[in-house]
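Peer 1: Pasting the sequence and the predicted model now:
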Amino acid sequence: MFAAGWGTNVKSALLVRRFAAATAFSLITAGLFQISPAAAASDACADVTVLPAPFSPWTGAALRVMVIAGKPLAGTLSLIAPDGSVAARSADRHEGPPFSWFAEVAHPAAGSWRATLEGTPAGCAPVSRDITVAARRPEPFRIPAGMIWPTRNNWNSTSEALFSAWIEKLFDAPPDEDLNWKVWYEVLRDPKRNFLSNYLGRNEDVTQTGLRPDCADFVYFLRAYFAFKMGLPFGYSSCSRGGGGRPPRCGEWFDVEHPEVTRPPPPPDQVAAAQAAEAPPPPPPPARTSSLLRLFGQSDAPAEQPAAALSAMPPPPKPQRPTNFAQYLRDVGDVVHTGAVRAGDDRADFYTVPLTREALRPGTVYADPYGHVLMLVRRVPEVKGTPGVFLAVDAEPDGSITRKRFWRGNFLFVHEPALGTPGFKHFRPILRDKNGPLHRPSNAEINRNPQFADFSAEQSQMPAEDFYDRMDDVMSPEPLDPVRAMEDAIASLSEQIRTRVTAVENGRKFQIKQRGDTSMPEGASIFQASGAWEDFSTPARDLRLLIAIDVVRNFPARFARRADRYALPPGKSVTEVKNELQAALASELASRKVTYTRSDGSQWTLSVKDVVDRATDLEMAYNPNDCVELRWGAAENSDEASTCRRHAPRAQRTRMSNYRPWFRDRHWPSHT
């Protein structure tokens, strides 16, 4: 259990003082375990929270300390050993809000340690917290029988700030560094990144699941992981994906205190749609869950089965109750999907927030209207004309995790009622009033709660251009250097192309092992499928890439439209600068290179300009049955294409030609 003061950090010292007593009482009385002496605590004067790890520090585990502040203090964190010496010191502050510091001692001595943050506001003493390090290994954190984890705290402004700081640390690296992992658990198993590694002392990260979450699963899994470690509530809704002109809707909600109810029936609108179908549906493709179950030693079901065999099959067995965190995540992943993030009413798991620096903190989720989900992990401030930027992570269908920049090519925004509610969102907090059941506040209740008060519908009222203009203003409040801004856009495009290199290479490796052709869905389902097509095709990625190419091509014109956002060189007009940008664009694109692996294993290098010039060819380059040379737009009979040995079946190419207008017009088809 955390110390009483852990939940008292709010937006100002006044609010801290107002709610400190009530929050302290709720944390003590609602908890299931004795309060730990190594607890997190808040300082009302400096608006600072200190959290040590692990839950019960001892000499056999590294002592890690996280400090968060709501104000941009120029502080230094010191860890002072029992003998009075400074064992670790860090002045490296992660930009916020929240602003955070981290320090670690690999082999702490037994005794009373002190974590001190110097540099607090005038009139306030340095923030200090005592931490007891035991000489012997403590008993592992106990989880009562029948529970996945005990919920002993509420979500509040402090737990949200800690979640943000944890996320930022988890994906920390210089902004220009390519950051990616093959699977999500590679990040969590890195104790240098994961502040909560083995936090409970149960070796819980050694035995973590090998699940490969998709983009929607990924944000839920991260939230669940933090809640599991910190004893916070967690839940998720059963939602439709939308379709037939209707947006996604959420039905029943499931919380971690009732893990026996984790796999609900389909939402009512999906049931109604199925009953209204005039013809029986074709045999379903393998469910996405099959690939997850395979990681637990089970085999996939056959891709297709005759209708007679299906009708003769016995009903599926009742799902087993999850008995641990890994099994629980598996069940969560079986239910959640991008429709849950695009849903927009009070029953949804997320709510939209204002486009401000304070609201767009790490851990904020972005709902792409076309079925993709990302999570913000860092804000890089504007410095001397260099544009500021938000960094985000996402999970791709092949299970890989990539960090990328916010910009138009990665974060699509459009208002179409059937697609749901796009934009930046926070997880809806899960609360418990006194000893009652867990519940989720409505949007109106969130704004009445001083711990949050950040619901906003403003994004729903913004045209796309206004949305991107507002984001530009948030990321870069000061006038930008137009050349640096264009270079930043080109860098973002280059990053997007490099992530495609990985996706296409995964498809090439799959081709080597694959016998026969990968089945291709029909119609708009090419963007949302399952199995090998989901893992190795790139229609959604390529449509976003084409939009990104348009953004870079049109940058000089966008500069002219918003010339007031830029610092014009002395004596030059908007038209002159626009023409200079246009002239420099081609050379900048030509100077950046990417390399992919051809079918025979040899390397081939393209410039970003080559990729931009091949935009038309990229409209039909997403099929994993085609050789990689075709997927990069290599011209027929060229040296580059000489190693191509594989082509998609003619019937698939014909359908791709029919679907080409979606890519040519940059318009995502809606499901009917």
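Peer 2: Arrived safely.

Peer 1: Show me what the longest helix along the chain is packed against.
Peer 2: Ranked by number of residues, the top helix in the chain under DSSP state H is helix 482-513. Under the contact definition 3 or more C-beta pairs under 8 Å, 6 or more residues apart in numbering; DSSP states H and E, helix 482-513 sits against strand 401-405, helix 531-536, helix 539-553, helix 555-561, helix 574-591, strand 593-597, helix 608-613, helix 628-631. Just so you know, the C-beta spots here come from the backbone N, C-alpha and C atoms, and that holds for glycine as well.

Peer 1: can you list these in JSON lines and add distance to Arg655, mean pLDDT and mean neighbour count?
Peer 2: Listed next are these as JSON lines, based on distance: least, C-beta to C-beta, whole Å; pLDDT from 0 to 100; neighbours: other C-beta atoms under 10 Å:
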{"stretch": "strand 401-405", "distance to Arg655": "29", "mean pLDDT": "93", "mean neighbour count": "22"}
{"stretch": "helix 531-536", "distance to Arg655": "13", "mean pLDDT": "90", "mean neighbour count": "21"}
{"stretch": "helix 539-553", "distance to Arg655": "12", "mean pLDDT": "94", "mean neighbour count": "20"}
{"stretch": "helix 555-561", "distance to Arg655": "34", "mean pLDDT": "94", "mean neighbour count": "18"}
{"stretch": "helix 574-591", "distance to Arg655": "32", "mean pLDDT": "95", "mean neighbour count": "15"}
{"stretch": "strand 593-597", "distance to Arg655": "25", "mean pLDDT": "97", "mean neighbour count": "15"}
{"stretch": "helix 608-613", "distance to Arg655": "25", "mean pLDDT": "97", "mean neighbour count": "20"}
{"stretch": "helix 628-631", "distance to Arg655": "16", "mean pLDDT": "98", "mean neighbour count": "23"}
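
Peer 1: Could I get these in a markdown table, plus columns for distance to Glu139?
Peer 2: Formatted as a markdown table, the entries for the helices and strands packed on helix 482-513 read as follows, by distance: least, C-beta to C-beta, whole Å:
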| stretch | distance to Glu139 |
| --- | --- |
| strand 401-405 | 34 |
| helix 531-536 | 43 |
| helix 539-553 | 48 |
| helix 555-561 | 60 |
| helix 574-591 | 60 |
| strand 593-597 | 51 |
| helix 608-613 | 57 |
| helix 628-631 | 54 |
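
Peer 1: residue with max distance from the center of the chain?
Peer 2: Relative to the average C-alpha location in the chain, and by C-alpha atoms, centre = their mean, no residue lies farther out than Gly571, which sits at 44.3 Å.

Peer 1: tell me the secondary structure for that one?
Peer 2: Using DSSP: H, G, I helix; E, B strand; the rest coil, the secondary structure recorded for Gly571 is coil.

Peer 1: Backbone dihedrals for it, please?
Peer 2: As for Gly571, its main-chain torsions (degrees, to the nearest 10) stand at phi 80, psi 0.

Peer 1: try Ala115
Peer 2: phi -100, psi 120.

Peer 1: Tell me what it is bridged to.
Peer 2: The partner list for Ala115 in beta bridges (DSSP bridges) reads Leu79, Arg129.

Peer 1: just use 26 as the starting number from now, easier for me
Peer 2: Understood, numbering begins at 26; the last thing we discussed is Ala140.

Peer 1: Is it correct that Ala549 is in contact with Arg680?
Peer 2: No - Ala549 lies out of contact with Arg680 (C-beta atoms under 8 Å); the separation is 11.9 Å.
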